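*Asks:* Let's see this in three dimensions:
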Amino acid sequence: MKDDETRLLNAAREMLSQAYAPYSGYRVGAAVSGSSGKIYAGCNVENASFSLTCCAERVAVFKAISAGENKIVCAAVVVESGDLVAPCGPCRQVLNEFGEDMTLLLSGADGTVERTPLSKLLPSSFGPRHVLATMKSQHRSQDED
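*Replies:* Numbers count the residues shown, from 1 in each chain. Here you go, the predicted structure:
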């Protein structure tokens, strides 16, 4: 494993102790590396109104974007208990927004790490390129009028 991947996984593991999971007890830590090489880590934050819960992956991405990153190149997701787990659907979509070609490092409680491309978990994804293509097409149509 590369040094930068080890640092990313360690940052995600450190976030497990910060997770706010009083309802499920299921702690998740995540970390992303931006194109600058900086690492941004996050944990899951549950809410009594479950739909307002925010996953660790999205917390990490939002921290990166808030700090000025515009591309995520790698993401690590670790869980405190059980087998390794892949990001949920909404997290996959958010990750795709900022790096459809990124690598994911998934780690379970036993420390096993699986490396996978995001594209494998979100095939035929919908992303910025689709919206931008539509916007360009609409703009051309308006110019022709």
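*Asks:* Helices of this structure, residue ranges please.
*Replies:* Secondary structure of the chain (DSSP state H): helices located at 3-15, 56-66, 89-97, 118-121, 128-144.
*Asks:* just how off-centre is the first one within its chain?
*Replies:* Yep, that's helix 3-15 we're talking about. Here helix 3-15 is found 14 Å from its chain centre; the criterion is Cα atoms, centre = their mean, to the nearest Å.
*Asks:* Which strands or helices does that helix pack on?
*Replies:* strand 28-34, strand 39-43, helix 56-66, strand 72-79, strand 103-107 (3 or more Cβ pairs under 8 Å, 6 or more residues apart in numbering; DSSP states H and E). C-beta: built from backbone N, CA, C; applies to glycine.
*Asks:* and Ser107, which of the helices of the chain is closest to it?
*Replies:* Closest to Ser107 of the helices of the chain is helix 3-15 (Cβ to Cβ; 6.0 Å).
*Asks:* if we can go back for a sec, please tabulate the helices and strands packed on helix 3-15 in CSV and include mean neighbour count, distance to Asn96 and mean pLDDT as additional columns.
*Replies:* Output for these, formatted as CSV (neighbours: other Cβ atoms under 10 Å; distance: least, Cβ to Cβ, whole Å; pLDDT from 0 to 100):
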stretch, mean neighbour count, distance to Asn96, mean pLDDT
strand 28-34, 28, 13, 98
strand 39-43, 23, 17, 98
helix 56-66, 22, 10, 98
strand 72-79, 25, 10, 98
strand 103-107, 21, 11, 98
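*Asks:* do you know which of these lies nearest His130?
*Replies:* strand 72-79 (18.5 Å).
*Asks:* Residues contacting that closest one, please?
*Replies:* Residues outside strand 72-79 that contact it (Cβ atoms under 8 Å, 6 or more residues apart in numbering): 4-5, 8-9, 11-13, 16, 26-35, 56-57, 60-61, 64, 84-87, 95, 98-99, 102-109, 118.
*Asks:* Let me know which of the helices of the chain is tucked in deepest.
*Replies:* helix 56-66 (a mean of 22; mean count of other Cβ atoms under 10 Å).
*Asks:* Which residues does it contact?
*Replies:* 12, 15, 19, 28-32, 34, 38, 40-45, 72, 75, 77, 87, 90-91, 94-95, 98.
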